[in-house]
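In: Model the structure of this input:
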Amino acid sequence: MTKLIFDKAALISAISPALCAVSDRNTLNATEGIFFETTDKGTCVLCSYDMAKGIHEEIEADIQEGGSFIVNANRLSRIIRMMPQDTITIEVDDKYMCKIKSGNSCFELHCLPGSDFPAIPVLQGNHTFSISQGILKRMISQVQFAIAQNDQRAAFNGAYFEVSEGKLKLVACDGNKLAIRESRCEMKDIKSDADELNLSFIVPGKTLSELLKLIGDEEEPITIALTHRHIIFFLEKLTFFSRLIDTEYIDYKRFIRKESNITVYMSRNAFEESLERAALVTEDRAMGQAKASVKCLFQDNMLHISAANLSGSVNDDIPIEKEGDDLLIGFNNKYLLEALRACPEDSIRITLATPLMSMQIEGMDKEGDDVFLYMILPVKMS
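Out: Numbering: from 1, shown residues only. Presented below is the predicted three-dimensional model:
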């Protein structure tokens, strides 16, 4: 028998992040639930683990009788949110029938014994450092668009991190887009087996998507620990952990063009707005012409943007500053828009070579302490 009493708001704030690590594959019932376990400190540990990533959190509870159990996460979340009062009582009997009470409302759910929950990794790393949440969040957001979803090449499904003293670099590539974001920032080396903080690893894209929901925009530090197979993020009472992608990352530097015969200076905002208008044609599904390409003609000091399908067309002009020859090149409009939306600056520098070579988008100061580089492969134009 287990009996616990929680503050409703505290329980909701603990369950919400736990949902990100609940399995939806129905392979193991225990991984579809949240694990509850009481401690000797008068607190309750909540844990979810889908065998790839997990959440571990400790909250205050009035423990009438201690124990452990697993309850379906999605059902529990919906029930708790609908309860009428600010106090929630959860009782689990010897047959693992879970009663959830608040005021005059009572729900009953079947649950599982806590012993069924899979063993989670040891949440201690060989290398530990801290960094500003705001900086980490911005950098992940600015490369996330180039992470593949389910590519057969495992490395493409994550972002590559290079960590050194005072510098963090993130790289993402899905075969059509490459994003590099580098920033000189304060990172505190808390524990490292090496003399200097010098690390590289690949974090799954799905893990980074969930991490963005957990961290804030402020300068509060987040502590990150690494083991051979896992990465662990410590946030006050919440711990988020995930498997790393265990493979070598691509030699991305060999794809970066060192010299180009065309250089364009322009406003990112003007380019983005023009492509948004073009998307009304390129993403038009009415005539089955979705994902039509957009043509970019760099001519003199003007960029001419055009797109057409069976139901209509669009033409738009943007003033630019160009050095070099004129060029007509085509792109998947969606890919180009994603890169422009991620740019941290409005004034951008674009370099081009031929209609079959990628466009490179950078900031004006490509040698500074806070730089980015995006590359988009073109499409063949009919």
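In: Tell me how many other residues crowd the nearest residue to Tyr249 once chain neighbours are set aside.
Out: Computed as C-beta to C-beta, 6 or more residues apart in numbering, the closest residue to Tyr249 that is not its neighbour in sequence is Tyr160, at 4.3 Å. (C-beta placed from N, C-alpha, C; glycine too.) Taking other C-beta atoms under 10 Å as the criterion, the count of residues near Tyr160 is 22.
In: Quick one: mean pLDDT for stretch 73-92?
Out: Rounded to a whole number, the mean pLDDT of stretch 73-92 is 96.
In: ok now that stretch, how far from the chain's centre?
Out: The offset between the C-alpha centroid of stretch 73-92 and the centroid of the whole chain comes to 29 Å, using C-alpha atoms, centre = their mean, to the nearest Å.
In: just to revisit the earlier point, so the residue nearest to Tyr249 lies in a strand, does it not?
Out: Yes - inclusion of Tyr160 in a strand is indicated when DSSP: H, G, I helix; E, B strand; the rest coil is applied.
In: Surely it and Ala179 touch.
Out: No - proximity of Tyr160 to Ala179 does not meet the contact threshold set by C-beta atoms under 8 Å, at 10.4 Å.
In: just to revisit the earlier point, can you pull the contacts of the residue nearest to Tyr249?
Out: Leu170, Val171, Ala172, Ser200, Phe201, Ile202, Tyr249, Tyr252 (C-beta atoms under 8 Å, 6 or more residues apart in numbering).
In: beta partners for it?
Out: Following DSSP bridges, Tyr160 is listed with bridge partners Val171, Ile202.
In: distance of it from Glu186?
Out: Tyr160 sits 21 Å away from Glu186, taking C-beta to C-beta, to the nearest Å as the criterion.
In: Return the helix or strand of the chain with the lowest mean pLDDT as PDB; C-alpha atoms alone will do.
Out: Among the helices and strands of the chain, strand 188-191 carries the lowest confidence by mean pLDDT, DSSP states H and E, at a mean of 80. Coordinates of the C-alpha atoms in strand 188-191 are reproduced here as PDB (Å, rounded to 0.1, in the frame of the first residue of the first chain):
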ATOM      1  CA  LYS A 188      33.000  26.600 -16.500                       C
ATOM      2  CA  ASP A 189      34.900  23.300 -16.400                       C
ATOM      3  CA  ILE A 190      33.500  21.600 -13.300                       C
ATOM      4  CA  LYS A 191      35.100  18.200 -13.800                       C
END
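In: Sheet-wise, list the partners of it with their directions.
Out: Each strand that strand 188-191 pairs with, and the sense of that pairing, follows from DSSP bridges: strand 127-132 (antiparallel).
In: from the middle of its chain, how far away would the following helix or strand past the strand it pairs with be?
Out: Downstream of strand 127-132, the first helix or strand assigned by DSSP states H and E is helix 133-141. The gap between the average C-alpha position of helix 133-141 and the chain average comes to 10 Å, counting by C-alpha atoms, centre = their mean.
In: now helix 133-141 and strand 127-132, what's the angle there?
Out: Between helix 133-141 and strand 127-132, the angle comes out at 100 degrees (axes from the mean of the first three to the mean of the last three C-alpha atoms, to 10 degrees).
In: Going forward, the N-terminal residue is numbered 237.
Out: Got it, the first residue is 237 from now on, which makes the last one we talked about helix 369-377.
In: Tell me the helices and strands packed up against helix 369-377.
Out: Using 3 or more C-beta pairs under 8 Å, 6 or more residues apart in numbering; DSSP states H and E as the contact criterion, the neighbours of helix 369-377 among helices and strands are strand 403-409, strand 413-420, helix 441-450, strand 457-462.
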